[in-house]
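Student: sequence? don't have it. structure:
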């Protein structure tokens, strides 16, 4: 007995994208009537929905409006709706005589808090597939559509029947964004809507630990106390906590005593996920609050204003060091365009002008800034009569946004030597993975530097001092260039 497998590759269009948001949020953005129209279609297109019912047997009828004013009626008949994993539907023009019909399957796969979205369209013939690619730009249009979806999810709020979901993307490492939620000195700098501050805050960051804070409005002479209990604490990726009104002593009080409606929950559950992508952090906040609560719209505005303040606070954090267990995280903001800051790491003529701690210079340097390329340089101290040679093997080079390399000690010929031969401790890593992200920040550049050296390694503080002194020199060099 034999079996035959028929390939459909010549009749398919397959488009995939990794999106920096959890898949249930991506799924909701695809299926929620208020949100799908905000991103659907290629660049320059807008969408008007005539009817939408996202369920097996349901229909979405809509019109896509092209940049030239042409209208394109469409119809989608849903066959499968498996939240948050899968959609399957038949897609056609909104008329019985339309010949361009095809089947589409959309899958949403979790990838460590991100979503790998794959859209697979199957046509009856290869000729029909080629026609929509040629006449309608379907391949490029599909890519642009998913790009618009990713952009929409960077800063969006979605209200479901039982909860409010808000996503924001910040130009800061997630360790820092996490600290802004969990350390009082950060928390007090941004919490609360416009016109409110948080003069008092205590946080016991552990499962079962409490948070208690005051929102104060000087304009209205108002103090609103609130509290919660942490249910999940997973630095730096997630916190889950209850949220309720309280008095100044931390005792829970009823929403009614604060003027809230009967539909407002006595205790809400707040979940905050932090997803990192190349130095940026996408934060997804979920609060359980029913749609029937009249305060929900105001809560959406209040959260949005708080996150605007968090964004502004993070933008002001120009020189930060976070000492994590397995790495150092150094954040610096330079008053220079990121193309120039990137070049200072990858162009020998720039690199030699700033690299090394105070008292060291770089008399020799070669850099092959390509994946697999090697850098080799001498760090010299004339005062101590010392030459220290280093090498780097580039793992990733994405101008002007990211470089990743391993760093190791060498001799003058570029041969790797052990740290012990250079007088380092036995625990010092033979190779160190270093990631550098360059984030554009209103004409400035926020650089996030991550050398992987564990807290248990003797000499980490000394290394941090060396990195900091080198970056001080880079700051001075850039100031002379701009």
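Tutor: That came in fine, so what should we check first? All of these numbers come straight from a predicted model, not from anything done at the bench. Numbers count the residues shown, from 1 in each chain.
Student: CA atoms for contacts and neighbours, from now on please.
Tutor: OK.
Student: Could you pull out the buried residues of stretch 120-133?
Tutor: Neighbour counts using 16 or more other Cα atoms under 10 Å place 120-123, 128-130 of stretch 120-133 among the buried residues.
Student: same deal with stretch 428-442?
Tutor: Counting neighbours by 16+ other Cα under 10 Å, one finds that the buried residues in stretch 428-442 are 428-441.
Student: coming back round to it: so which of the buried residues of stretch 120-133 sit within strands?
Tutor: Using DSSP state E, the members of these that fall within strands are 120-123.
Student: wait, which of these is closest to residue 143?
Tutor: Checking these against residue 143 by Cα to Cα gives residue 120 as the nearest, at 12.1 Å.
Student: correct me, but that closest one touches residue 104?
Tutor: Yes. Using Cα atoms under 8 Å, residue 120 and residue 104 qualify as a contacting pair, with a distance of 5.5 Å.
Student: just to revisit the earlier point, of the buried residues of stretch 120-133, closest to residue 416?
Tutor: Proximity of the buried residues of stretch 120-133 to residue 416 was ranked by Cα to Cα; the top entry is residue 120 with 47.9 Å.
Student: Provide the partner residues of residue 319 in its beta bridges.
Tutor: For residue 319, the residues forming beta bridges with it (DSSP bridges) are residue 332.
Student: ok, back up a step: wait, which of the ones in strands among the buried residues of stretch 120-133 is closest to residue 344?
Tutor: The shortest gap between residue 344 and any of these belongs to residue 120, at 42.5 Å (Cα to Cα).
Student: Spatially nearest residue to that closest one, not counting backbone neighbours?
Tutor: residue 14 (4.5 Å; Cα to Cα, 6 or more residues apart in numbering).
Student: now do residue 333
Tutor: Counting by Cα to Cα, 6+ apart, residue 446 is the residue found nearest to residue 333 once chain neighbours are left out, at 4.2 Å.
Student: quick one: contacts for that neighbour?
Tutor: Contacts here follow Cα atoms under 8 Å, 6 or more residues apart in numbering; on that basis residue 446 touches 171, 318, 331-334, 438-440.
Student: likewise residue 404?
Tutor: 394-397, 433-436 are the contacts of residue 404 under Cα under 8 Å, 6+ apart.
Student: please redo it, this time with the cut-off set to 7 Å
Tutor: 394-397, 434-436 (Cα atoms under 7 Å, 6 or more residues apart in numbering).
Student: how far is the one helix or strand it maps to from where the chain is centred?
Tutor: Following DSSP states H and E, one finds residue 404 within strand 402-410. Centroid separation for strand 402-410 versus its chain: 24 Å, with Cα atoms, centre = their mean, to the nearest Å.
Student: circling back to that earlier point, now, which of the contacts of residue 446 sits nearest residue 271?
Tutor: Taking Cα to Cα as the measure, residue 271 lies nearest residue 171 of the contacts of residue 446, at 20.9 Å.
Student: Just give me the neighbour total for the closest one.
Tutor: 22 (other Cα atoms under 10 Å).
Student: and stretch 215-230, average pLDDT?
Tutor: Over the span of stretch 215-230, the pLDDT mean works out to 94.
Student: Kindly report the domain assignment for the protein.
Tutor: The chain breaks down into these domains under automatic domain parsing: 9-153, 160-316, 320-481.
Student: Mind giving me the packing neighbours of the strand or helix carrying residue 231?
Tutor: In the assignment (DSSP H and E), residue 231 maps to strand 222-234. Using 3 or more Cα pairs under 7 Å, 6 or more residues apart in numbering; DSSP states H and E as the contact test, the elements touching strand 222-234 are strand 210-217, strand 238-246.
Student: Would you give the sheet partners of that strand, along with the direction of each?
Tutor: Partners of strand 222-234 in the sheet, by DSSP bridges, are strand 210-217 (antiparallel), strand 238-246 (antiparallel).
Student: Show me which residues of that strand are buried.
Tutor: 223-233.
Student: And the contacts of that strand?
Tutor: By Cα under 7 Å, 6+ apart, strand 222-234 touches 206-217, 239-248, 250.
Student: on that earlier part again, of the helices and strands packed on strand 222-234, which approaches residue 138 most closely?
Tutor: strand 238-246 (38.0 Å).
Student: quick revisit: got JSON lines for the buried residues of strand 222-234, with distance to residue 473 too?
Tutor: Listed next are the buried residues of strand 222-234 as JSON lines, based on distance: Cα to Cα, whole Å:
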{"residue": "223", "distance to residue 473": "46"}
{"residue": "224", "distance to residue 473": "47"}
{"residue": "225", "distance to residue 473": "46"}
{"residue": "226", "distance to residue 473": "45"}
{"residue": "227", "distance to residue 473": "45"}
{"residue": "228", "distance to residue 473": "45"}
{"residue": "229", "distance to residue 473": "45"}
{"residue": "230", "distance to residue 473": "43"}
{"residue": "231", "distance to residue 473": "45"}
{"residue": "232", "distance to residue 473": "42"}
{"residue": "233", "distance to residue 473": "38"}
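Student: count of neighbours near residue 219?
Tutor: Residues near residue 219, counting by other Cα under 10 Å, number 8.
Student: again, but for residue 57
Tutor: A count of nearby residues for residue 57, using other Cα under 10 Å, gives 12.
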